[in-house]
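# Here's a sequence, model it:
(one chain, ligands or ions: 1)
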Amino acid sequence: VNVYVLRIGHRFERDKRISTHLALTSRAFGAEKIFFDVKDSRVAESIGKITGGWGGDFKVEYSGKYAKTIREFEGDVIHLTMYGLPLDETLKKIKNSGKDKLVIVGGGKVPSEVYELADYNVSVGSQPHSEVAALAVFLDRLFEGKQFLKEFNGGKIIVPQARGKKVSEP
Ligand SMILES: C[S@@+](CC[C@H](N)C(=O)[O-])C[C@H]1O[C@@H](n2cnc3c(N)ncnc32)[C@H](O)[C@@H]1O
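Have a look, this model is predicted:
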């Protein structure tokens with residue numbers, strides 16, 4: 001099963017860093033690709049700078065209108081929102097479908113259309129927090145921690161240390 005993330009509502013003047021973090025989190029937590037409905041080349045550049053050398057084939061795509069991306073997606077569409085049904089209640093069904101997943105996270109106010117287009121509106125706790133936190137927890141529960149065993153081919157490899165830094169070059 002492949003997991004994709006759709007970031008909607010990126011605000012050019014204030015979301016550069018958080019949208020970059022969404023991409024990095026998607027990649028590090030096992031997703032294949034992140035779609036953006038708003039083109040901000042500073043974000044792509046920033047992601048490239050950080051991930052360059054760390055391997056794998058995570059992709060960033062500017063997909064245009066979110067409604068089209070959602071409608072054309074073949075698989076389960078999951079919108080993360082604090083107003084949705086609790087993760088614990090919905091996760092089993094989402095996991096068991098065996099279908100690819102498109103996980104939507106918002107920025108500013110999310111249009112009501114997104115709630116209608118999604119197959120599942122899922123909350124990660126019913127308090128407002130952050131799209132990065134919601135995404136990380138959702139992906140971790142979905143992959144049950146196994147995402148951290150994924151290999152990023154061709155990249156530098158961190159040799160974990162109790163103190164200090166050790167990296168082996170590819
Ligand atoms: C800072 S919030 C603002 C959301 C906005 N006020 C709205 O819901 O229309 C940005 C994004 O974080 C995610 N998010 C924040 N809290 C969440 C929660 N408790 N559960 C799931 N997702 C959450 C959602 O994807 C949301 O669109």
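
# before we move on, what SS does the closest residue to residue 129 other than its chain neighbours have?
Counting by CB to CB, 6 or more residues apart in numbering, the nearest residue to residue 129 once its immediate chain neighbours are dropped is residue 82, at 7.7 Å. Heads up, the C-betas are built off the backbone N, CA and C, glycines and all. For residue 82, the secondary structure call by DSSP: H, G, I helix; E, B strand; the rest coil comes out as strand.

# so how far is the ligand from residue 82?
Shown here: residue 82 relative to the ligand, a distance of 3 Å by CB to the nearest ligand atom, to the nearest Å.

# three-state assignment of residue 61?
strand.

# got the contact list for the residue nearest to it when sequence neighbours are not counted?
Across the structure, with CB to CB, 6+ apart as the measure, the residue nearest residue 61 apart from its sequence neighbours is residue 35 (5.2 Å). Residue 35 is in contact with 4, 5, 6, 7, 61, 62, 63, 69, counting by CB atoms under 8 Å, 6 or more residues apart in numbering.

# and what of residue 57?
By CB under 8 Å, 6+ apart, residue 57 lies in contact with residue 153.

# hmm, back to that, can you pull the contacts of the residue nearest to residue 129?
For residue 82, the residues meeting the contact criterion (CB under 8 Å, 6+ apart) are 123, 124, 125, 126, 127, 128, 129.

# So which of the residues you listed sit within helices?
For those, membership in helices holds for none, with DSSP state H as the criterion.

# from those residues, which ones fall inside strands?
Secondary-structure check on the contacts of residue 82 using DSSP state E: residues within strands are residue 123.
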